[in-house]
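Novice: What shape does this take:
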Amino acid sequence: MNKAIISIALLATASVAGGAVRPITLEDAVITARGNSVEAAVALNELRTAYWEYRTFRADLLPEISFNATAPSYRKNYTAYQLEDGSYTFVRNNMLEMRGDITVEQNIWLTGGKLSLTTSLDYLRGLDSGGFNRYMSVPVALTLSQPIFGTNHTKWNRRIEPVRYEEAKASFISATEQVAMRAVDYFFSLLMAKENLATARLNLDNSRKLYEVAKAKRTMGQISENDLLQLELNLLTARSSETDMESNYRSAMFQLQSFLGLDDADELDPQLPEAFEEISVSYEAVLEKALARNAFSRNIRRRQLEADYAVAQARGSMREITLYAQIGYTGTAERFGGAYNPLKDNQVVEMGFKIPILDWGKRRGRVKVAESNRRVVASRLRQEEQSFRQDIFMLVERFNNQGRQLDIAGESDTIALRRYNTNVETFMIGKISTLELNDAQSRKDEARRAYISQLFYYWYYYYQLRSVTLWDFRSGTGIDAEIEKIVR
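Specialist: Sure, this is the predicted structure:
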């Protein structure tokens with residue numbers, strides 16, 4: 001009887017699709033979804049964004065070499081000039097200027113300052129009568145810019161950005177497993193629609209045969225008119241059900257094709273998957289894997305650090321003191337060579353500070369707001385962690401229980417099918433009524449749908465478990481990805 005159902009399902013698929021049938025397994029659907037679905041593409045683009053943001057952060061920690069030039073700058077205008085007696089006059093400018101410098105800058109990780117090494121050359125040429133040439137060189141200048149009592153942004157970024165990137169990588173792997181969960185959902189929707197259509201066609205075929213037999217029996221007076229009418233109603237109901245199931249099958253087919261990014265011409269025939277060998281997982285093991293590998297733990301850590309960073313920024317803004325120091329050499333002459341020989345010392349030391357005397361508690365208020373927000377974040381994180389642990393506990397219970405539920409559903413499906421076949425044969429010899437036959441048919445259909453449903457939850461919980469832990473409990477290995485190859 002099972003072979004008959006499968007054969008009818010294949011014929012139904014071919015007749016509805018009107019084209020070639022392409023068998024597809026659950027594993028095929030999952031692999032295709034991870035490569036072709038829109039959700040997978042979104043997850044990949046989010047990973048690429050996080051990757052290049054992290055690369056940018058890493059580049060900020062390395063020395064940066066830059067070349068700046070103004071070549072040329074031409075000026076022909078008047079500017080104010082103060083005379084010795086204090087009065088002003090306007091003087092005419094008519095000159096050509098060119099300037100270039102090469103600078104090496106390095107952020108100082110420990111202090112949050114910046115150190116730069118610069119070499120530059122300036123050239124002026126007067127364009128009026130009696131014009132002149134002037135060169136000024138700075139062969140080397142070492143400059144330090146250091147905020148004092150301020151926020152060390154480089155230190156905080158070094159703590160936050162690696163956690164953010166690890167969170168993004170874990171989120172990408174979880175997203176691929178969530179794509180697999182969507183694929184499981186659509187796959188089993190099509191599988192259920194296929195089974196329902198096969199069942200509807202089988203029931204329609206049986207209803208035709210039973211109705212024909214009943215008409216012959218009625219002619220011979222072996223059954224009542226009421227039983228004959230009931231079987232006729234069963235035939236009409238079977239026709240209506242077959243039409244509905246065919247429409248549902250088409251819809252489920254289109255959904256799976258669209259999700260997998262396949263052409264409409266690809267007519268899919270989902271194959272009934274089998275449950276793998278029964279495995280049991282413990283709450284402690286799943287929680288350990290989830291806390292160690294899931295993006296949730298990274299998300300918790302990042303948000304804690306960001307709250308601490310906000311407090312540090314608010315405290316650093318209460319007083320601003322910046323040290324600026326530069327040492328080096330410079331030279332100036334009418335000729336190029338003279339600008340480098342002899343050289344003179346070039347030293348600049350500045351310390352600027354800004355300390356509020358009266359700000360009506362504005363800066364202190366910012367600190368209090370940041371500290372209050374940090375406490376709010378801490379409370380939310382504790383609540384989210386409790387919910388996370390609770391969800392994991394419930395998932396473990398459902399997964400461990402689902403294997404037993406699947407076994408029961410499988411046995412019920414087998415028994416219901418045997419009972420229906422027995423009742424059909426019994427009805428043929430007039431031993432049972434149409435009501436008993438209808439009940440056997442309904443129980444058979446319900447048992448089959450229940451088995452497919454339990455099989456769906458079995459695989460859905462399995463991929464959900466993978467998504468939460470980033471761990472494959474069948475093979476006992478972690479679910480990882482070669483991020484460098486993926487993002488390029």
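Novice: Which stretches in the stretch 101-250 of the chain count as helices?
Specialist: Secondary structure of the stretch 101-250 of the chain (DSSP state H, counting those that start in this stretch): helices at 153-219, 225-260.
Novice: Measure how far the helix or strand just after the shortest one is from the centre of its chain, please.
Specialist: On the C-terminal side of helix 225-260, the closest following helix or strand by DSSP states H and E is strand 267-270. Here strand 267-270 shows a centroid-to-chain-centroid distance of 29 Å under the convention Cα atoms, centre = their mean, to the nearest Å.
Novice: what pairs with strand 267-270, and is each one parallel or antiparallel?
Specialist: strand 21-24 (parallel) (DSSP bridges).
Novice: mean confidence score for the partner strand?
Specialist: For strand 21-24, the mean pLDDT works out to 88.
Novice: rewinding a little: hey, which of the helices of the stretch 101-250 of the chain is tucked in deepest?
Specialist: Highest mean neighbour count among the helices of the stretch 101-250 of the chain (mean count of other Cβ atoms under 10 Å): helix 153-219, with a mean of 20. (Each C-beta comes from the backbone N, C-alpha and C, glycine too.)
Novice: tell me the phi and psi of Gln326?
Specialist: phi -140, psi 130 (degrees, to the nearest 10).
Novice: Name the residues linked to it by a beta bridge.
Specialist: Bridge pairing for Gln326 - DSSP bridges - gives Thr143, Val348.
Novice: burial measure for it, as a count.
Specialist: 17 (other Cβ atoms under 10 Å).
Novice: any idea how far Leu142 is from it?
Specialist: 7 Å (Cβ to Cβ, to the nearest Å).
Novice: again, but for Ala216
Specialist: Distance of Ala216 to Leu142, given as Cβ to Cβ: 110 Å.
Novice: surely Arg319 meets Thr151?
Specialist: No - with contact defined as Cβ atoms under 8 Å, Arg319 does not count as touching Thr151 (11.6 Å).
Novice: In space, not sequence, find me the middle residue of this protein.
Specialist: The residue lying closest to the centre of the chain (Cα atoms, centre = their mean) is Ala43, at 4.0 Å.
Novice: quick one: secondary structure of that residue?
Specialist: Using DSSP: H, G, I helix; E, B strand; the rest coil, the structure places Ala43 in helix.
Novice: cool, and Pro273?
Specialist: From three-state DSSP, the assignment for Pro273 is coil.
Novice: The one 3 residues further on now?
Specialist: Taking three-state DSSP as the rule, one finds Phe276 in the coil state.
Novice: Next, find the distance separating it from Leu26.
Specialist: In terms of Cβ to Cβ, Phe276 sits 11 Å off from Leu26.
Novice: Quick check: bridge partners of Asn133?
Specialist: Beta-bridge pairing of Asn133 under DSSP bridges involves Arg125.
Novice: State whether Leu96 is indeed within a strand.
Specialist: Yes - Leu96 sits within a strand when classified using three-state DSSP.
Novice: quick one: pLDDT of the residue lying closest to it once chain neighbours are set aside?
Specialist: Setting aside the residues directly before and after it, Leu96 is nearest to Arg125 in space (Cβ to Cβ, 6 or more residues apart in numbering), at 4.6 Å. Looking at Arg125, its pLDDT is 87.
Novice: Report the contact partners of Arg125.
Specialist: Residues near Arg125 by Cβ atoms under 8 Å, 6 or more residues apart in numbering: Met95, Leu96, Glu97, Gly131, Phe132, Asn133, Arg134.
Novice: where's the dip in pLDDT among those residues?
Specialist: Out of the contacts of Arg125, that is Gly131, at 73.
Novice: Glu46 contacts Ala168, correct?
Specialist: Yes - using Cβ under 8 Å, Glu46 is in contact with Ala168, at 7.2 Å.
Novice: Kindly provide the whole-number mean pLDDT of stretch 338-351.
Specialist: The model assigns stretch 338-351 a mean pLDDT of 74.
Novice: Just give me how far it sits from the chain centre.
Specialist: Offset of stretch 338-351 from its chain centre (Cα atoms, centre = their mean): 55 Å.
Novice: ok, and what's touching that stretch?
Specialist: Contacts of stretch 338-351 with the rest of the structure, by Cβ under 8 Å, 6+ apart, involve 121, 135-139, 141, 321-333.
Novice: which among the contacts of Arg125 gets closest to Leu470?
Specialist: Glu97 (60.7 Å; Cβ to Cβ).
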